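A.B. asks: I would like to see how this sequence folds:
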Amino acid sequence: MRLYFSDDLVDAIVAETNRYADQYIALNPIPPHSPVRNWVPTNHDELVAFLGLCLLMGLVYKPRMAMYWSGDEIYRTPVFAQVMTRDRFLLILRFLHCNDNNATDITDPDRDRLHKIRPVISILRRNCATVVQPG
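C.D. replies: Just a heads-up that it's a prediction; the model follows:
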């Protein structure tokens, strides 16, 4: 995973996720009991843990996301709660971003249709090119 999800890729996602959370909180009224009130900026290590949990969800299937953190004997998968709380995972998922929304004009018909994920695509392409050498 670390060959493709390099430090610069993770750091770019961290920066954009934190930027989007700040923009959202500044522009929207936050109800008193909203989990958004508990937002604290994420960091490199926490996002790596988040991405690891996302990958693990592809291996350990459960019909509902909350079941990954269930204490019920039938559904329990302790590693999820050991790595991150359910509420924190959902909060990061809510604000997860790869590019600044303000970086492109969405009314421009000739805009880059992949602008929201373009930075990730660029870094992944570069990382893939260094990992796999044509031969």
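
A.B. asks: looking at the protein, which helix or strand is least sure?
C.D. replies: helix 118-131 (a mean of 89; mean pLDDT, DSSP states H and E).

A.B. asks: now for that one, which elements pack on it?
C.D. replies: helix 7-27 (3 or more Cβ pairs under 8 Å, 6 or more residues apart in numbering; DSSP states H and E). In short, each C-beta sits where N, CA and C put it, glycine included.

A.B. asks: Please identify the buried residues of the helix it packs on?
C.D. replies: Judged by neighbour count using 16 or more other Cβ atoms under 10 Å, the buried positions of helix 7-27 are 9-10, 12-21, 24.

A.B. asks: What of stretch 26-41?
C.D. replies: Across stretch 26-41, burial judged by 16+ other Cβ under 10 Å covers Trp39.

A.B. asks: Pull the residues that contact that stretch.
C.D. replies: Stretch 26-41 has contacts (Cβ atoms under 8 Å, 6 or more residues apart in numbering) with 18, 21, 24-25, 87, 90-91, 94-95.

A.B. asks: Which residues are in contact with the residue nearest to the spatial centre of the chain?
C.D. replies: Most central in the chain under Cα atoms, centre = their mean is Leu96, positioned 4.0 Å from the mean C-alpha point. Leu96 makes contacts with 13, 17, as judged by Cβ under 8 Å, 6+ apart.

A.B. asks: try 10 Å
C.D. replies: Residues in contact with Leu96, defined by Cβ atoms under 10 Å, 6 or more residues apart in numbering, are 13, 16-17, 20-21, 42, 47, 50-51, 54.

A.B. asks: Same check on Asp8?
C.D. replies: Contacts of Asp8 were listed using Cβ under 10 Å, 6+ apart, and they are 119, 123, 126-127.

A.B. asks: Report the buried members of those.
C.D. replies: With neighbours counted by 16+ other Cβ under 10 Å, these contain buried members at 119, 123, 127.

A.B. asks: Hmm, the second one is touching Asn99, no?
C.D. replies: No. Under the criterion of Cβ atoms under 10 Å, Ile123 is not in contact with Asn99, lying 11.5 Å apart.
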